[in-house]
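Student: here are the coordinates; sequence isn't available:
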């Protein structure tokens, strides 16, 4: 008390400086103890996340996206398939058939589930999660709660017919992520949607900022609960834009996304990316597979750090006169064929309809079609494994044509016999 106010102030500043220096030293030492990795999580969690991500990025393998809220047959674009009743029992029956496909783990490392499916059983009472694990695959879980089409107030409507949107589900994500891990999930998925419209300036800076922040928050929460996050900033292909505009916006979004992940201390070695391919709008001037491959890989090389172990593309919608399954496989194959030696990450697939469409049309809700449907799923999964290796031959896998009929592989009898021996 005998000290003057100026002296007391100097001592206070000195104390604050020492405290800050000690705090900074603590964070530095903690980070060094983690091998330079983020110190916000214990070393054992970081190690588990990295191990899971590494397994998900196994050579030539990808994801089966089976996280549809309704029966996937409703989106298969097939008149007979749409007649299958959309009941919980039918959804469990179809998915148990898919997950128990013999040899599926030769091509699939992880299966993304809807929340309903995480707790479902097959007809014999066996948990679907256990079928996946016993089949040599890793269960994952979709944790976003979609978006409200009313959108972000003040933003214009885009090609989807509604304003720009923000995905819901952060409020109780911590609890749901912990519950999913306890049930057996080891990775998670969250999708944010962005629309393109050059004339309206979409996506807006507001929508991009909201998207990347939301995905970074989700990713950090999931990692705290030992779930590897799939980060999915999806630019939808709806619209009449050309491929150049999609390339420009994809680079802008991905650059912002990785800046946000860094701000939120997300451990890149324990996460994976699920981006859109760079493509023209569904009503825009068509770009060929080589242009799609070149501009997609260029965007990734400019924005995605090599620390991220894997990139798993969504297939995206295609024009009505295009075969979704075949186009998705060819695009992925072209990227790996042309640029595999230039890319530091595992470049693979996370397909839903583009893996299941022929399977669904073969199955049509009938038990007697189970074996044939499993062969169809295995064949398309194998085709995409070939695409990851850059060796898929276009037309070599049977698929549903745009008229709804299953097209046989366009190969010689010798190659057809080879295909049948695989499936």
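Tutor: Arrived safely, thanks for sending. Note that this is a predicted model, so its numbers are computed, not measured. Numbers count the residues shown, from 1 in each chain.

Student: just the helices in the protein please.
Tutor: Using DSSP state H, the helices assigned to the chain run over residues 5-33, 43-56, 88-99, 115-118, 128-134, 173-183, 205-224, 243-263, 289-303, 324-339, 353-363, 370-388, 413-422.

Student: okay if I get these as a markdown table plus mean neighbour count and distance to residue 198?
Tutor: Quick note: C-beta positions are derived from backbone N, CA and C, even for glycine. Shown next, in a markdown table, are these (neighbours: other Cβ atoms under 10 Å; distance: least, Cβ to Cβ, whole Å):
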| stretch | mean neighbour count | distance to residue 198 |
| --- | --- | --- |
| helix 5-33 | 11 | 43 |
| helix 43-56 | 18 | 35 |
| helix 88-99 | 19 | 39 |
| helix 115-118 | 19 | 37 |
| helix 128-134 | 20 | 42 |
| helix 173-183 | 17 | 34 |
| helix 205-224 | 21 | 15 |
| helix 243-263 | 19 | 5 |
| helix 289-303 | 19 | 16 |
| helix 324-339 | 23 | 23 |
| helix 353-363 | 26 | 27 |
| helix 370-388 | 22 | 31 |
| helix 413-422 | 12 | 43 |
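
Student: which stretch in the ones you listed is the model least sure about?
Tutor: Comparing mean pLDDT across these, the weakest is helix 413-422, with a mean of 38.

Student: now the helices of the chain in JSON lines, with distance to residue 146?
Tutor: Formatted as JSON lines, the helices of the chain follow (distance: least, Cβ to Cβ, whole Å):
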{"stretch": "helix 5-33", "distance to residue 146": "37"}
{"stretch": "helix 43-56", "distance to residue 146": "24"}
{"stretch": "helix 88-99", "distance to residue 146": "17"}
{"stretch": "helix 115-118", "distance to residue 146": "12"}
{"stretch": "helix 128-134", "distance to residue 146": "22"}
{"stretch": "helix 173-183", "distance to residue 146": "14"}
{"stretch": "helix 205-224", "distance to residue 146": "13"}
{"stretch": "helix 243-263", "distance to residue 146": "19"}
{"stretch": "helix 289-303", "distance to residue 146": "26"}
{"stretch": "helix 324-339", "distance to residue 146": "22"}
{"stretch": "helix 353-363", "distance to residue 146": "17"}
{"stretch": "helix 370-388", "distance to residue 146": "26"}
{"stretch": "helix 413-422", "distance to residue 146": "37"}
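
Student: any idea how far residue 141 lies from residue 286?
Tutor: Taking Cβ to Cβ, to the nearest Å as the measure, residue 141 falls 36 Å from residue 286.

Student: So for the two, which sits in the more crowded spot?
Tutor: residue 141 (27 against 14; other Cβ atoms under 10 Å).

Student: Can you verify my assumption that the more buried one contacts residue 185?
Tutor: Yes: if you go by Cβ atoms under 8 Å, residue 141 and residue 185 touch, sitting 4.1 Å apart.

Student: Overlap of the contact sets of these two?
Tutor: Common contacts of residue 141 and residue 185 (Cβ atoms under 8 Å, 6 or more residues apart in numbering): 113, 118, 227.

Student: now stretch 143-154: how far from the chain's centre is it?
Tutor: In terms of Cα atoms, centre = their mean, to the nearest Å, the centre of stretch 143-154 is set 19 Å apart from its chain centre.

Student: buried residues in that stretch?
Tutor: Neighbour counts using 16 or more other Cβ atoms under 10 Å place 143, 144, 145, 147, 151 of stretch 143-154 among the buried residues.

Student: hang on, the first one packs against residue 189?
Tutor: When you say that, I think you mean residue 143. Yes: between residue 143 and residue 189 there is a contact under Cβ under 8 Å: 6.9 Å.

Student: what about residue 278, neighbour count?
Tutor: Residue 278, neighbours per other Cβ under 10 Å, totals 28.

Student: cool, residue 78 as well?
Tutor: So residue 78, with other Cβ under 10 Å, has 21 neighbours.

Student: And the shared contacts of residue 141 and residue 185, which is closest to residue 220?
Tutor: residue 227 (11.0 Å; Cβ to Cβ).

Student: excluding its backbone neighbours, what's nearest that closest one?
Tutor: Leaving out its chain neighbours, the residue that sits closest to residue 227 by Cβ to Cβ, 6 or more residues apart in numbering is residue 188, at 4.5 Å.

Student: what's the answer for residue 224, then?
Tutor: In space, residue 224 comes closest to residue 41 once its chain neighbours are excluded; the distance is 6.5 Å by Cβ to Cβ, 6+ apart.
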